[in-house]
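Q: I'd like to go over a predicted model; first the sequence, then the structure.
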Amino acid sequence: MAAETLTSARASATFPVAGNGPAGDLKAGWGTYAIAAAVEDGDIFEMHWVPDGATVIGGYTMSDDIDTGTEALDMDTGWAANSSDAADPDGLGNHGVWTGDVSVHVGTAGVFLPHAGVLASAGPKTFTKGGGSTMIQVEANVASNAGHTGQLTVVTHYLMP
């Protein structure tokens, strides 16, 4: 099976992008995708939009234990290019191999990965005003080994100027 781009309902081109309200109020974008088949190297999961000029300050990627047994699944969280900002497929987290074993973060088998990437190395990420909305996405670098199915959710916390 070839790699493909899979789009959550909240990442569709017609889904409204939330960004109104007083400056500095915390906003959240989120998307969930039900993975129903083996994740392939190169698969891109389009999760949700953040609005033009948003400043991302945090968030997380969370999922069921999508890859069971000897874990191999490696997926990163980042963003696609808009008309001003270059794509950065791991800009919110180069997560390495996903271990879905029981953790203190989830309390059951699953994955909870706080946004880090440029947020950890350079601080909040502001997308260029006038660049248009930006797609937050998850990209697979290594296919899953076994199990393969479950929910994938990305939540992104941002501010508007």
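A: Received the coordinates, thanks.

Q: didn't Lys125 look like it was pressed against Gly53?
A: No: Lys125 lies out of contact with Gly53 (C-beta atoms under 8 Å); the separation is 11.6 Å. The C-beta positions use only the backbone N, C-alpha and C, and glycine is treated the same way.

Q: Span of stretch 55-71 from start to end?
A: Start-to-end span of stretch 55-71 (C-alpha to C-alpha, to the nearest Å) is 34 Å.

Q: doesn't Ala120 fall inside a helix?
A: Yes: counting by DSSP: H, G, I helix; E, B strand; the rest coil, Ala120 is found in a helix.

Q: if I look at it, how far off is Gly69?
A: Distance, Ala120 to Gly69, by C-beta to C-beta, to the nearest Å: 30 Å.

Q: which residues does the nearest residue to Leu73 once chain neighbours are set aside bridge with?
A: Excluding the flanking residues, the one nearest Leu73 by C-beta to C-beta, 6 or more residues apart in numbering is Asp67, at 3.7 Å. Beta-bridge partners for Asp67, by DSSP bridges, are Gly147.

Q: Asp67: how many residues sit nearby?
A: 27 (other C-beta atoms under 10 Å).

Q: Check whether it really touches Ala140, as I assumed.
A: No: applying C-beta under 8 Å as the test, Asp67 and Ala140 come out as separate, 10.4 Å apart.

Q: Find the residues that touch each one of these two.
A: 39, 73 (C-beta atoms under 8 Å, 6 or more residues apart in numbering).
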